[in-house]
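>>> A predicted structure for the sequence below; I have some questions about it.
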Amino acid sequence: MDTFLILVALAWVVFWAYWLISALRTRSPMKRRQSRGFWLLFVLFWGFCVIYSTGITPGFLVQKVIPDDLIIGLTGTIITLLGLGFAIWARVHLGKYWSSMPAIRVDHKLIRTGPYNIVRHPIYTGILFAVAGTAVIVGEPLGIIAFFLILAAYLWKIWTEEKYLQEEFGAAYTQYKMEVPALIPFLV
């Protein structure tokens, strides 16, 4: 199981390195964005995951509840890698319109192609799948709690983003919402 954990940890490091480099390289003027306070709160959710990954959390939250098993490790790794890959595909496809917080860019376009034809928020979908896969590999209740905290943060972020997109694109966004699910392909 250590092999799967190491592989997934490396995948996350590569993912976040790519994410940081991309964020620095693709900047365009903002028309409207969420406050920095929102961003700080969102970072706190991810901070919880970092604390979790250090192994300093005591008690039953760090007891193994999912056994170390080849099939479980392989499944968790595949889910994590597919999730990270999906998020990267969405990030590349979104290009200059990406922002770390809910925002509308100057000359913003409604992207409905590529992964945005599968779900409206494919970056969140990909990251949530990756977190779920990682939680399976780690096999502790705290991983499940982290997943639900991140899900709650993303749902809040989606609510804000969709409000901005609805105001910016009106009927076109309403139509998009009717045709494409928010997070889970073919469901939600």
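Received the coordinates, thanks. Predicted model, so just to flag it, every value in this text is computed and none were measured.
>>> state the mean pLDDT of the longest helix seen in the chain.
Longest helix in the chain by number of residues (criterion: DSSP state H): helix 141-169. Averaging pLDDT along helix 141-169 yields 88.
>>> next secondary structure after it?
Per DSSP states H and E, the first helix or strand lying C-terminal to helix 141-169 is helix 171-179.
>>> contacts for that next one, please.
Outside helix 171-179, the residues within contact range by Cβ atoms under 8 Å, 6 or more residues apart in numbering are 110, 112, 120, 162, 165, 166, 169. In short, each C-beta sits where N, CA and C put it, glycine included.
>>> and the residues you listed, which are buried?
120, 162, 165, 169 (16 or more other Cβ atoms under 10 Å).
>>> surely the last one touches residue 110?
When you say that, I think you mean residue 169. Yes - applying Cβ atoms under 8 Å, one finds residue 169 in contact with residue 110, separated by 4.9 Å.
>>> ok, the closest residue to residue 168 other than its chain neighbours - how many residues close by?
Using Cβ to Cβ, 6 or more residues apart in numbering and skipping the chain neighbours, the partner closest in space to residue 168 is residue 104 (5.1 Å). Applying other Cβ atoms under 10 Å, we find 18 other residues in the vicinity of residue 104.
>>> right, I'll leave it there.
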